[in-house]
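**Q** How does the following fold in three dimensions:
(3 chains)
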Amino acid sequence: MYNIIADEKDKGGMRVITLDKKDLIEAMTEFKSQGYYLSSITGVDMKDHLEVIYHLHNFDKNEYLGVKVLTYDSKVPSLVGLWKAADWDEREQYDLMGIIFEGHENLRRILLPDEWVGHPLRKDYDLKKVQYVSMDSEGNEHVSFDEREGW
Amino acid sequence: MNLLIRIHDWFSFLGPGVSYGIAYLLETIFILIFVGISFMALIYVFRKYMARIQLRIGPNRVGKYGLLQVVADAFKLIGKESILPANRDDLAYRLAPLIIMMTTMVSFVIIPYGSLAYFGSLTITHSDVTLVLLFGVLSLLPIGEILAGISTKSNYALLGALRGVAKDVSFEVPMLISALAIIMISSRSFITGAQTYNSLSLAGIVENQVIPYGIIDPLGLLIFYISMVARASFTPFDLAESDSELITGYTTEYSGMRFGLFYIGLFGMVYLGSFFVSILYLGAYNGPASSDLGFIYLFIKTIILVLIAFLAWVSLPRIRVDKFVNLGWKYLLPISIINLVYAGLFVLYIR
Amino acid sequence: MSRYTVLNLGPVHPSIHGILRFRVKLNEEIIEDVDITIGFLHRNAEKICELNIYANNIIYFDRMDYLDAMNMELGYVTAVEKLTGIEAPERAQWIRMIMAELNRLAARLVGLGAFGLDMGMLTPFFHCFAEREKIQKIFVEASGGRQEVNYISIGGVYQDFNEKIINDIREFSKNFKKRLEDIYNMFIHSEIFWQRNDGIGILEPDVALDYGVTGPLLRGSGIAYDVRKDAPYLFYDKVNFDVPISHRKDNIGRFVLKIEEMRQSIRIIDQCLDKIPDGPYFNNKAKKSLMLRVKGDGEVFSRVESDNGEFGVYVRGDNTVKPYRVHVRSPAFKNISVVPVMARGLMIADLIVIIGSIDTVIGEIDR
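**A** Here you go, the predicted structure:
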């Protein structure tokens, strides 16, 4: 049985519950059996920790549910086993926010090139450091800090 | 008087061999220039016609009413840099557009054009087997397509070439069989029932064609026309260069005038095909006062057929490749064989 | 030599609607697998939004689904309004509804035209764009922009509707009903159209739900989910419209469904034009309190029905003038991820038609 740390009934028009990281899979499995589907995954950088917010949607009850998980080591268990939608969403959050989803088999960058340095949505990401992208004849993208190597 | 004889007479002081050579050359050039100009006019008409259907205006900038747009496009294509892919088989790459272009051009020389008031008969090739010759020349097309497809080692070009060859092979057979039906029908005279000996030449077929064979053999007309449009890669059948999936198929790696040659070659094919259909099925230059106006009759019939193909181009979606090959082998081929049997029965009994 | 050909569709390809890359593993012409690479148009709008004040972010939402800019703006603005407590006056909300529906029509028209183009059908494209041009003229009249309109702003709309705009819309809706039937007939009476689409791109409802697919793609699989009906925003609960569904699950079903939805959109616009009240078009309080410097606190997840499906915007404020975090739940991002499932075992020509029928916009996938 999982523990609900905080339960806000009406936050921005939906119920938002906060869970502990280790209870996540168990709770989500139960939500899935109740007919919830994954709609979106959001990561928020709170400077000392990361918040991962899962938005679940129940088509039968016409109800949205937010599930919030806090993580201090940027690691969260992956939900790919439950919903296929989690695949791309988790890759996106890994790419931009640097959340490592444990158990995701194909956790590559999805929007940025594979060699990109840093995770742009982190608050400590240095926007002044420009990275230049190029592509070789095989179609692989390369990233460099040197202006001359980029396109 | 025949145009050929006329030119021969002008140059007769050079001796018969030389003057006939010059006469053939000049007449060929004359016909090709005429075909080229009418072809450009046809492209202009096509673009205006297409624009009209699509709520657009069409070419209207270059020259009066945009009449010179085609010329401007030709100059643009010639002036463009021809980008050569690094990873190519040079000879095949350069040869392919020429083969496609030459096939179409040579085919135009074989066609009998009938006669026109002052010029007399415009036919260049006087032979008893022009029909066979034309089919022979047309069978060069897939060679050009294959060369274009494999010379650049691009997957798009390769797939396009495979489709192009599948198209040519699967539509050449029904085309040949329906032409065979025409040869059979044409092998006996309508009026006397006596055997005729010129049914392998296009001019002979026209000569025997007292009533258009399209009326006697409508099924054959349909099969032949569909196959011809398909071989010319017009829209319901333009799989070989289907721009939405294979970019432009085997012409993907071509640019500038080399691409232009492909374009002219294939666009010319539908023009040629319409000539071919109107000769075999619609009585070509037969009609009242055909010794003066014969060519006009042929031209009008051809233009009508081309416009029908254009209408299909603008209004139909592209057929899928498996359905397309099925159409050739599973529908047109059996129907054309039935048509052949019908032609045989017609010659034996009904006539 | 392997039995497979790997065909690289994209990043620049005539029929992949934008810059998107499909690596298709082909066995002759049969698709074995599709590998999708996205991100060529990635601008990280979410990060840019964190650097700007609330009102300045609207233009970045215009450029997400650039064909359906009004609904994108609407998604963001409703989220910010929920967050900051600013309410738009009643007239502004009706105007927003009209504009959202008009833009949905415009986006659908582009989608239909491109769908035809993907099948090699050139003519409907121009007919669709001629109609879209009329919608864009209305947008120019109201906002000054054709495509990236920047019309809906926090606390109202940029400019009030005058008599001329309302008359234009009335006239448009009157003519459009007939033109829509023309466009529909251009497709549906073509035998080759049926051959190309019948039974192609089958998407089972449970797969669709599993992948988080929404919009016409989900309704085409037989699940009646439309944010406008199930979680009404603006005044969608005060107008009558139906949510059509299709049980065919294939391209034909989705096509007919989209046409039916366009009819419903016209129906909504007609009702809105009758019901639109007089009054202010902008929240004066918001304007006075320097609307540009509004502060937000807390977190909000708001969703609207865009052209491609459920468009959700997560906004979090930390009581400053800039948002702390903006996240977009992009429907096209989910919809495109289901392409390999739909295309497996079909031919390369079918893949193109499936992409055309999903009708994605790359700006929204990559953000």
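
**Q** Tell me the predicted confidence for residue C:271.
**A** For residue C:271, the model assigns a pLDDT of 89.

**Q** before we move on, what about residue B:337?
**A** For residue B:337, pLDDT reads 90.

**Q** so it is in which element?
**A** In the assignment (DSSP states H and E), residue B:337 maps to helix B:333-345.

**Q** Tell me which residues of that helix come out buried.
**A** Within helix B:333-345, the residues scored as buried using 16 or more other CB atoms under 10 Å in any protein chain shown are B:333, B:335, B:336, B:337, B:339, B:340, B:342, B:343. Every C-beta, even on glycine, is put in place using the N, C-alpha and C of the backbone.

**Q** do stretch B:12-22 as well
**A** Across stretch B:12-22, burial judged by 16+ other CB under 10 Å covers B:19, B:20.

**Q** contacts for that stretch?
**A** Applying CB atoms under 8 Å, 6 or more residues apart in numbering or on different chains, the contact partners of stretch B:12-22 are B:7, B:8, B:10, B:11.

**Q** just those residues now: which is nearest chain A?
**A** residue B:7 (56.7 Å; CB to the nearest CB).

**Q** Which elements pack onto the helix or strand hosting the closest one?
**A** Taking DSSP H and E as the criterion, residue B:7 maps to helix B:3-10. Applying 3 or more CB pairs under 8 Å, 6 or more residues apart in numbering or on different chains; DSSP states H and E, one finds that helix B:3-10 contacts helix B:16-53, strand B:120-121.

**Q** so can I have CSV of the buried residues of helix B:333-345 showing distance to residue B:32?
**A** Shown next, in CSV, are the buried residues of helix B:333-345 (distance: CB to CB, whole Å):
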residue, distance to residue B:32
B:333, 34
B:335, 36
B:336, 32
B:337, 37
B:339, 34
B:340, 35
B:342, 38
B:343, 34
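
**Q** Kindly present the residues you listed as a markdown table, with separate columns for distance to chain C.
**A** Shown next, in a markdown table, are these (distance: CB to the nearest CB, whole Å):
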| residue | distance to chain C |
| --- | --- |
| B:333 | 19 |
| B:335 | 17 |
| B:336 | 21 |
| B:337 | 24 |
| B:339 | 22 |
| B:340 | 27 |
| B:342 | 26 |
| B:343 | 28 |
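
**Q** Nearest to residue C:160 among the contacts of stretch B:12-22?
**A** Closest approach to residue C:160 among the contacts of stretch B:12-22 (CB to CB): residue B:7, at 79.1 Å.

**Q** re earlier: what's the angle from the helix holding residue B:7 to helix B:16-53?
**A** Computed with axes from the mean of the first three to the mean of the last three CA atoms, to 10 degrees, the direction of helix B:3-10 lies at 140 degrees from that of helix B:16-53.

**Q** mind listing what's buried in helix B:3-10?
**A** Counting neighbours by 16+ other CB under 10 Å, helix B:3-10 gives B:3, B:4, B:7, B:8 as buried.

**Q** which one of those residues is nearest residue B:192?
**A** residue B:4 (30.4 Å).

**Q** you'd agree the closest one is up against residue B:26?
**A** No. At 9.1 Å, residue B:4 and residue B:26 do not qualify as touching, with contact defined as CB atoms under 8 Å.

**Q** Make sure residue B:132 is actually in contact with residue B:200.
**A** Yes. Between residue B:132 and residue B:200 there is a contact under CB under 8 Å: 6.0 Å.

**Q** more crowded one of the two?
**A** residue B:200 (17 against 14; other CB atoms under 10 Å in any protein chain shown).

**Q** Tell me who's in contact with the more buried one.
**A** By CB under 8 Å, 6+ apart, the residues touching residue B:200 are B:128, B:129, B:130, B:131, B:132, B:183.
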